[in-house]
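[1] predicted model and sequence follow; I will ask about them next.
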Amino acid sequence: MASDYAKVSVSLPGPLVERIKNKVGSRGVSRYVAEALEHEERRQALRDWLSDQDREHGPVPDDVTQEVRRQWLGADSVAS
């Protein structure tokens, strides 16, 4: 059975690696990095989709954005 994993070598800042190891242990670094990369791929896909929507339909009007923020976050969260 073929593995769905590929071994790669990356260089990361030492302090970042130490912080990650402190959170997940030295054996959890690969999983942590894989999940972070998958998360970033999803974020980029969403940014791309939103850009496509802006190009196709135009940006969301400011008044609509403010109303959504008001309804979602409450009136105190929206600057006048």
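    Received the coordinates, thanks.
[2] now the terminal residues of stretch 54-64, how far apart.
    Using Cα to Cα, to the nearest Å, the end-to-end distance of stretch 54-64 comes to 14 Å.
[3] mind checking how far that stretch is from the chain centre?
    22 Å (Cα atoms, centre = their mean, to the nearest Å).
[4] quick one: average confidence on that stretch?
    The average pLDDT within stretch 54-64 is 96.
[5] let the chain start at 12 from now.
    Okay, using 12 as the starting number, the last item reads as stretch 65-75.
[6] strands of this structure, start to end?
    Counting by DSSP state E, one finds no strands in the chain.
[7] where are the low-confidence patches of it?
    Residues of the chain meeting the criterion pLDDT under 70: 12-13, 88-91.
[8] and the longest helix for it?
    Longest helix of the chain, by residue count under DSSP state H: helix 40-68.
[9] quick one: buried residues of that helix?
    For helix 40-68, the buried set under the neighbour-count rule, 16 or more other Cβ atoms under 10 Å, comprises residue 44. For every residue, glycine as well, the C-beta is placed using N, CA and C.
[10] next one: stretch 27-42
    residue 31.
[11] what's it in contact with?
    43, 44 (Cβ atoms under 8 Å, 6 or more residues apart in numbering).
[12] quick check: end-to-end length of that stretch?
    Stretch 27-42 has an end-to-end distance of 15 Å (Cα to Cα).
[13] can you check stretch 66-85 too?
    30 Å.
[14] number of nearby residues for residue 79?
    Neighbour count for residue 79, taken as other Cβ atoms under 10 Å: 12.
[15] so it versus residue 85, what's the distance?
    Separation of residue 79 from residue 85 (Cβ to Cβ, to the nearest Å): 12 Å.
[16] residue 55 now?
    Distance, residue 55 to residue 85, by Cβ to Cβ: 30 Å.
[17] what of residue 62?
    With Cβ to Cβ as the criterion, residue 62 and residue 85 are 29 Å apart.
[18] cool, residue 25 as well?
    42 Å.
[19] quick one: the longest helix of the chain to chain centroid distance?
    6 Å.
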